[in-house]
Every structure is written in C-alpha cells, then in structure tokens.
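Visitor: just a sequence and a predicted model for now, questions to come.
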Amino acid sequence: MEPHLHYPPAADLRRLLRFEPQSGAIWLGERRMVLLHTAALSALRRDLITSVGTEHTRRLLTRMGYASGTHDAGFASKTRGDRSLEEMFLVGPQLHMLEGAARVTPLHLKMDAATGQFEGEFRWDDSWEAHAHRLAYGVVDEPACWILLGYASGYTSAFMGKLILFKETRCGACGDDHCHIVGKPIDDWPDGDAYRPYFEEHSLLDKMDALSQQVEALKTTLEPATSGGMLIGNSPAFQHAHDLMKRAARTQVTVLLTGETGVGKERFARALHEHSDRAGGPFVAVNCAALPAELIEAELFGVEKGAYTGAHAARAGRFERADGGTLFLDEVGDLPLPAQAKLLRVLQDSEIERLGAESPRKVNVRMVTATNVNLDEAVAQGRFRRDLLYRLNVYPIRIPPLRERSTDIEPLARHLLARFTALHNKRLSGIGERALQALMHHDWPGNVRELENLVERGVILAAQGGSVELEHLFPNQPQDRHEGVDPQGRLARIVPADHDALCARIVDSGVPIEQLEAQVLALAVERCGGNLSGASRLLGLTRPQLAYRLKRQQTDEPAD
Ligand SMILES: [Zn+2]
C-alpha cells in the first residue's frame, strides 16, 4: 500500500447511517437504504441469468452498482470537503465496506482533478458477490463481481466527472483468494469501447425491439409471398374489393380481376385460392403476356411426345399441374385467338387436350383470370372472343389503383419497410416525415409494385440506424424548394439550376417583367387568402419587402 493510502477514521461516514425502526426506514445521509439478504440478491442474480442470459444480467447489475456508486459520490465532498483529494476519494471504498460489499484495501491511487487523470488499484477480500456466484456456479473463467465493479466505476466516474472504467484482474469467483480491481479513464483502456454498453441503458429493450421487428418482417417474407400478407388496406375502395374476393372464394365461380398494372392482381388471386376449399391444392400462375404465342398452348395444355419437332417427351401443361387447385391466368387479354378457343372449351367441358393427344383428360381447376386492358374494347376490335369474355366475366372484381386508396399508402409503406429492412439486413428507425408526405402526394402510375420498388430502394440507400428520407425514395428528383444558406449566410430558399428552363420560357414569352412580377405577387397573395405574411414566405421576401413591391405597383399603375 502506498504511504498516503491510509483510511481516515470512518466515524464521519458511520454517522450518516441511521436506523429508524419506528418509521421503518434506514438512512444514509438523506438517502433511504434497505437491508437485503445476500441470499435474496443471489437468487435474483440467478433468475436474471436464467431468463436473459449472462451478458444482459452483467449489464443490468453493473448499472445497478453504477447507480449506487454515483449516489455515494455525493457524500465525498459533503463529509470531507475540507480534506485532501485522496481522503475525500476514500469515502467511496469506506462506504462500500460500510454497506457490506467487501473488505476494500487501496493499493494505488493517483489522481488529478484538473487534468482528469486517474489510476486506481484496490483489493477486495470477501466480496459477497464473488461468494454468491461461486456458490451458484462453482469456479468460473470470467470475473463476476458485476455490482461491485459497477459501484467502483460509478463512484469514481461521478467523483472525477468522466467515465472511469474498473476491471477485475482477479476474482474470487475464478478461484482466486481475493479480487483485484484496476481503474482508469475508459479511453485509456485499449478495449474500453467494448465495455461502454455496460453503462448504457435500454440496450436490452432496443435489442428485443430490433429482434421482434425482424421476426415480424421474417413472418411476412415467409408468408408465401402470397397469403393475406400483402393485402393490406382499410380504405373503403380496397375493403370493397377484398370483400368481393372473400365472398367469391368459397364458391366455384370464375373470377375476373381487373385493375391497373401493379395493383396486386396476383396477390388477390392467391388470397382467393387460400380462402377457398382448394387451399390445400396447387396454385399455378401463368402470365399470358410473358409467353411467346407459339408456346402458350403447349404451356397451358401440355404436349404428347412427338406432337411437334422438339417435343421429345410428354409434358403436363399448367392446367394439369393446377388439378385440384387454382389456375391464375394473368393478362388474359394477350392470349392468341386459337388459345382462346381452347380455353373456352376447358371452361365448358372441364376437359383439356394435350397437343398431339388422341383424347381429352378431365381436370378439376378453378380459374381466376386478370387483365389490365379493357376486354370489351378488345372484343370490339376482334382481338378477344365475346363468348370467352362472357365465361370469364361472371364475377368481376376491380382492384382500385393506389391513388384511389391513399389512406393505405402509409401502412403499406411501413409493412414494406419492415420486409426490406430484414431482407437487406438493415436497421432503420422508420420513414421520415417529408418522405412520407411525398409518398402521400405521389400519383403512383405503377401502383403497389412501384411503392415496393421505391421503399426497397429507400431501404438500400438509407444510412444504417437512420430513417428513409425523401432523397432515398426519389433520388433523381430535382428538389424544387429547399432551404440553404444564401451568400449573406442567412437561411434562405435556394433556387435550383433547373429553373433555367423556366427563365428561358419567360424570356421567350415576351411578357414584360414588371407585369410578370405583378401577376406573381397577386397569385401569391391570392393563394394565401390575402395574408401578406404568408404570401411573403411563399415568395422568399420579408413582409415589408412584399408590401413595398405591392405599393410600388399601385403607384406605378396610374402612370401607365
Ligand atoms: Zn470478484
């Protein structure tokens, strides 16, 4: 022990401790304490380790000790404000002993309040925590005096006004006959950063939150791209379509799904399949527009060996593969006329004939078709059979475009965000306000599919841990208005370079600039319902500047 490291008498600290059995309270100075059984604390420790694991338990208990140490640091200057810095500091180890943590012997102490320099080494004998850990788990590899160590770090950090990290270099839990601790500023430890999480709060909750988000996202990716998974929406237009789908599902009726490209027709078809009594059977989807006309019949109806050059083996078509289930024909309007004739026969007789086959085969297939073209027009133009349309159009469901269900955009976007953050292994806090607003105001020519693409790109472009912002969703869009710093260093609206075109048009129009200004000012004032302050903000002027310009025009007018 260094010569200056003798404890001053602890009478000043013992005086702080008051038992008040009548009022049921124990006090250390102005702070209420409790007497706990170490056995009870040990049981809590074990329960924590069992329920949340060693790492999280270590963090929680370190933080608990840290809080005690921080509070006790308040007694240092209160009780020994007139003593040397070292004697003041030793309030901590002495209180720690008084509180029953261990027998603490200071070995080395070097500190400087001005520079924040700190070195400390202490020996702990009979640490209650080392004893409890060893009793529960036997001799372990890692030191285990987490609460005590948290206390040392908390006390010293509060005393020094900066984070001081204590580590155990020996521990009774590891089989040593005493514990030995060393402390210095966290930045002076080469591996200090690895210890920071022990002093941070909410890490466990954050972690659990992130995990549950991942689970949610995984659930939706596992839902066979399919089931109700992406049928999200509470808007009346969407609910109406959804309702029609569910009511048709339990019947055998032939359903025709209409709607713009990207509205989710295949998802509706899958959902219909899964709500039907064929859910256990196959769901087979064919995009008629994606198959070459000369292959489509072979694809749909199958081929017998030798039916044509190159048909080396017999092959079942999609109808046969969908037997007992649902066949979804997307973009049915693109089906060539010969294939339409065969399709009609299937619908009439529930029979298909493979190419080159001698006889038909029975199939039990529920058909759902979809189109984004107007089939009535196609009929009028002779591109689609009228009799087939009547067969297909028994139960039409129109899926509304995204712009007709704008209240669904936000929930859809959040759902997609969860899915893509999991897919791309990102952790994001959400979608920014401005980005969300831009999504709400977009007109969505590509519908839900476009939204999917935008959100996926946004997730990829957003910074890890950040949120999806406007520029991540629409990276190539000129930002019409944004705030920047003007040449005078004031916050101002910056006019982007692509206003060149606007300027060129103004010059080409030959409208006198005075007249143009008058019209611009009048328009701004009108938009703000006559409110000059609002109009001046729109124009990037101060209110007096706007008033001046308006006034100037009024006085100019009679001169014209
Ligand atoms: Zn220990």
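Guide: Nice, I can see it. Numbering: from 1, shown residues only.
Visitor: from the stretch 251-400 of the chain, which residue is nearest to the ion?
Guide: E274 (58.5 Å; C-beta to the ion). Just so you know, the C-beta spots here come from the backbone N, C-alpha and C atoms, and that holds for glycine as well.
Visitor: and for the stretch 301-450 of the chain?
Guide: Closest point on the stretch 301-450 of the chain to the ion, by C-beta to the ion, is R427, at 35.2 Å.
Visitor: circling back: quick check on the residue of the stretch 251-400 of the chain closest to the ion: phi, psi?
Guide: Here is the backbone geometry of E274 (degrees, to the nearest 10): phi -70, psi -20.
Visitor: against S235, how distant is it?
Guide: 22 Å (C-beta to C-beta, to the nearest Å).
Visitor: repeat that for G262.
Guide: 17 Å.
Visitor: who in this protein is up against the ion?
Guide: Those residues of the chain that sit near the ion, judged by C-beta under 5 Å from the ion, are S127, A130, C145, C171, C179.
Visitor: mind doing that once more with 8 Å?
Guide: Within reach of the ion by C-beta under 8 Å from the ion, the chain has these residues: 124, 127, 129-130, 133, 143-145, 148-149, 168, 170-174, 176, 179, 181.
Visitor: of the residues you listed, buried ones?
Guide: The neighbour count (16 or more other C-beta atoms under 10 Å) marks 124, 127, 129-130, 133, 143-145, 148-149, 168, 170-174, 179, 181 as buried among those.
Visitor: so L257, which of the three states?
Guide: Secondary structure, DSSP: H, G, I helix; E, B strand; the rest coil: L257 is strand.
Visitor: where in the stretch 301-450 of the chain is pLDDT low?
Guide: Along the stretch 301-450 of the chain, the parts satisfying pLDDT under 70 run over 309-311.
Visitor: now the helices for it?
Guide: 318-321, 337-349, 375-380, 386-392, 409-423, 433-441, 447-461 (DSSP state H, counting those that start in this stretch).
Visitor: okay, these in JSON lines with mean neighbour count next?
Guide: Output for these, formatted as JSON lines (neighbours: other C-beta atoms under 10 Å):
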{"stretch": "helix 318-321", "mean neighbour count": "20"}
{"stretch": "helix 337-349", "mean neighbour count": "16"}
{"stretch": "helix 375-380", "mean neighbour count": "15"}
{"stretch": "helix 386-392", "mean neighbour count": "17"}
{"stretch": "helix 409-423", "mean neighbour count": "19"}
{"stretch": "helix 433-441", "mean neighbour count": "16"}
{"stretch": "helix 447-461", "mean neighbour count": "19"}
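Visitor: quick one: the strands in the stretch 201-350 of the chain?
Guide: All strands of the stretch 201-350 of the chain, identified by DSSP state E, counting those that start in this stretch, fall at 255-258, 283-287, 326-330.
Visitor: by contact count, what packs against the last one?
Guide: Applying 3 or more C-beta pairs under 8 Å, 6 or more residues apart in numbering; DSSP states H and E, we find strand 326-330 packed against helix 265-275, strand 283-287, strand 366-371.
Visitor: got the angle between it and strand 366-371?
Guide: 10 degrees (axes from the mean of the first three to the mean of the last three C-alpha atoms, to 10 degrees).
Visitor: strand 326-330 pairs with which strands, parallel or anti?
Guide: strand 283-287 (parallel), strand 366-371 (parallel) (DSSP bridges).
Visitor: what's next to the last one, contact-wise?
Guide: The reference is to strand 366-371. Contacting residues not belonging to strand 366-371 are listed as 252, 254-259, 265-266, 269, 272-273, 276, 278, 325-333, 346-347, 392 [C-beta atoms under 8 Å, 6 or more residues apart in numbering].
Visitor: go on, the shortest one?
Guide: When contacts are taken as C-beta under 8 Å, 6+ apart, the neighbours of strand 283-287 outside the stretch itself are 226, 266, 269-270, 273-274, 299-300, 318, 321-322, 325-331.
Visitor: quick test: name the residue nearest the centre of the chain.
Guide: L428 (4.3 Å; C-alpha atoms, centre = their mean).
Visitor: was I right to think it contacts L461?
Guide: No: at 10.8 Å, L428 does not count as touching L461 under the criterion of C-beta atoms under 8 Å.
Visitor: residue ranges with poor pLDDT in this protein?
Guide: Using pLDDT under 70, the chain drops low at 1-4, 201-206, 209-210, 212-214, 216-230, 309-311, 476-499, 555-560.
Visitor: hang on, the earlier thing: quick one: closest of the strands paired with strand 326-330 to R549.
Guide: strand 366-371 (56.5 Å; C-beta to C-beta).
Visitor: can you show me the helices along the stretch 51-200 of the chain?
Guide: 85-89, 91-98, 128-137, 146-160.
Visitor: in the third one, which residues are buried?
Guide: Buried positions in helix 128-137, judged by neighbour count with 16+ other C-beta under 10 Å: W128, E129, A130, H131, A132, H133, R134.
Visitor: nearest to the ion, of these?
Guide: A130 (3.9 Å).
Visitor: skipping adjacent residues, who's closest to that closest one in space?
Guide: Of all residues beyond its chain neighbours, the one nearest A130 is G172 (3.2 Å), with distances taken as C-beta to C-beta, 6 or more residues apart in numbering.
Visitor: ok, now which ones touch that neighbour?
Guide: W124, D126, S127, A130, H131, R134, C145, H178, C179.
Visitor: isn't the fourth one right next to W146, touching?
Guide: If I follow you right, that is A130. No: using C-beta under 8 Å, A130 makes no contact with W146, being 10.3 Å away.
Visitor: just the buried residues of stretch 64-83, please?
Guide: Buried-residue list, stretch 64-83, by 16+ other C-beta under 10 Å: 64-66, 68-76, 79-80, 83.
Visitor: please state the offset of that stretch from the chain centre?
Guide: 42 Å (C-alpha atoms, centre = their mean, to the nearest Å).
Visitor: I appreciate the help and will end here.
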